[in-house]
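starting from these lines, generate the structure:
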Amino acid sequence: MEIFKAEDRASTLASADYFTGRVWQDPVVSAPAPARLRTLRVTFEPGARTAWHTHPLGQTLYVLSGVGLIGLRGEAPKLIRPGDTVWIPPGEEHWHGAGPDMMMCHLAMQEADEQGQAADWLEHVSDTEYGHAPV
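Next up, the predicted model:
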């Protein structure tokens, strides 16, 4: 067993290569092999969001606070709220982030493939794609 103390893991500002706006990441676990689990607590400031991306083994999101949006290619974004769990199947192009007026925090859980890859990043989400009325 190993205990990872909170005070030993600093919050980091997410890379502008993969995110629009200010997004903070806090590591939860990056389990050693043979486990594959990677989990982050991700906090999006209003209007912040991921770029389009996929996951080779899928992803689970669990919303902790705020109001967020999640988008799939060709569809209007959907609202997500505290307590909501979202399963994204392997290879599905999607994005997620905060709504325009409120922060959103979620746990992002995904497994890494045999090469250690947990996400494949694509282009940034345009303001038009982000701005579609959510359902």
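
tally of neighbours for R81?
12 (other CB atoms under 10 Å). Backbone N, C-alpha and C define where each C-beta goes, glycine included.

mind starting the numbering at 654 from now?
With the count now opening at 654, the last piece we talked about shows up as R734.

contacting residues for it?
V716, V720, G721 (CB atoms under 8 Å, 6 or more residues apart in numbering).

one more time with 6 Å, if that's ok
V720 (CB atoms under 6 Å, 6 or more residues apart in numbering).

just want the phi and psi numbers for it.
Backbone torsions for R734, taken as degrees, to the nearest 10, come to phi -130, psi 170.

could you show me where the strands are in this structure, in order?
665-666, 672-673, 676-683, 690-697, 702-703, 706-707, 712-719, 721-725, 731-733, 738-741, 747-751, 757-764, 773-774 (DSSP state E).

a markdown table please, covering those strands and showing mean pLDDT, mean neighbour count and distance to F657.
Shown next, in a markdown table, are those (pLDDT from 0 to 100; neighbours: other CB atoms under 10 Å; distance: least, CB to CB, whole Å):
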| stretch | mean pLDDT | mean neighbour count | distance to F657 |
| --- | --- | --- | --- |
| strand 665-666 | 96 | 11 | 15 |
| strand 672-673 | 98 | 21 | 24 |
| strand 676-683 | 95 | 16 | 7 |
| strand 690-697 | 96 | 20 | 11 |
| strand 702-703 | 98 | 25 | 24 |
| strand 706-707 | 98 | 18 | 26 |
| strand 712-719 | 98 | 18 | 18 |
| strand 721-725 | 97 | 22 | 26 |
| strand 731-733 | 97 | 17 | 27 |
| strand 738-741 | 98 | 15 | 23 |
| strand 747-751 | 98 | 24 | 25 |
| strand 757-764 | 97 | 21 | 15 |
| strand 773-774 | 98 | 14 | 26 |
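
what about those, which gets the closest to V788?
strand 731-733 (5.6 Å; CB to CB).

which elements pack onto the closest one?
Where contact means 3 or more CB pairs under 6 Å, 6 or more residues apart in numbering; DSSP states H and E, strand 731-733 is packed against strand 721-725.
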